[in-house]
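Q: Coordinates for the following, if possible.
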Amino acid sequence: MNGLHLIADLHDCRCASNFLLDASGLESYCVDACTRHELTVVGRLFHAFQDAAGKPAGVTGTVVLAESHLAIHTWPEVSGVTLDVYVCNFSGDNSARAHALFDEMLNAFVPGSLEKQVLVRGKV
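A: Next comes the predicted model:
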């Protein structure tokens with residue numbers, strides 16, 4: 001059960017505004033980033049929200065990894081993102097891959113400020 005869970009709340013994201021709204025573009029970026037960091041993608045689901053007027057209003061998505069998951073939620077109306085990268089270390093230590101993926105994702109959104117947490121889970 002040993003794993004590493006990296007969590008962040010990103011505020012005042014200065015990335016291109018469509019990056020917070022485009023479910024398919026964000027999905028492609030997340031899947032490619034996971035692959036770049038040698039994590040094994042086994043599934044994915046991204047959903048675009050719309051406001052009452054039918055305009056794009058944010059994205060929620062998950063990339064399911066053999067090692068665990070990446071989850072992301074965007075709030076374009078406040079230029080915010082929540083990010084979650086979790087990897088298990090059952091077959092090997094994936095911590096460096098998790099940190100590299102997490103850092104890439106943080107840099108992609110160019111947050112003005114952020115809070116992050118590092119949790120070691122399932123200590124054995």
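
Q: what comes up buried for stretch 100-116?
A: For stretch 100-116, the buried set under the neighbour-count rule, 16 or more other CB atoms under 10 Å, comprises 100, 101, 102, 104, 105, 106, 108, 109, 111, 114. To be clear about C-beta, it is placed using only N, CA and C from the backbone, and glycine gets the same treatment.

Q: The last one touches residue 10, doesn't it?
A: Spelled out, that is residue 114. Yes. Contact criterion CB atoms under 8 Å: residue 114 and residue 10 qualify, at 4.8 Å.

Q: Can you pull the residues that touch both of these two?
A: With contacts defined as CB atoms under 8 Å, 6 or more residues apart in numbering, the residues shared by residue 114 and residue 10 are residue 106.

Q: Now, the buried residues of stretch 100-116 that are in strands?
A: Residues from the buried residues of stretch 100-116 lying in strands, with DSSP state E as the criterion: residue 114.

Q: so how far is residue 74 from the closest residue to residue 122 other than its chain neighbours?
A: In space, and not counting its chain neighbours, residue 122 is closest to residue 1: 2.9 Å by CB to CB, 6 or more residues apart in numbering. Taking CB to CB, to the nearest Å as the measure, residue 1 and residue 74 are separated by 30 Å.

Q: between the two, who's got more neighbours?
A: Taking other CB atoms under 10 Å, residue 1 and residue 74 do not tie; residue 74 has more neighbours (29 against 9).

Q: average pLDDT for the helix or strand harbouring that one?
A: Counting by DSSP states H and E, the element that carries residue 74 is strand 68-75. For strand 68-75, mean pLDDT is 97.

Q: same for it, what does it pack against?
A: helix 23-36, strand 56-65, strand 80-88, helix 95-109 (3 or more CB pairs under 8 Å, 6 or more residues apart in numbering; DSSP states H and E).

Q: ranking these by burial, who's on top?
A: Comparing the helices and strands packed on strand 68-75 by mean neighbour count (mean count of other CB atoms under 10 Å), strand 80-88 comes out on top with a mean of 22.

Q: what's the angle from that strand to helix 95-109?
A: Here the directions of strand 80-88 and helix 95-109 differ by 170 degrees (axes from the mean of the first three to the mean of the last three CA atoms, to 10 degrees).
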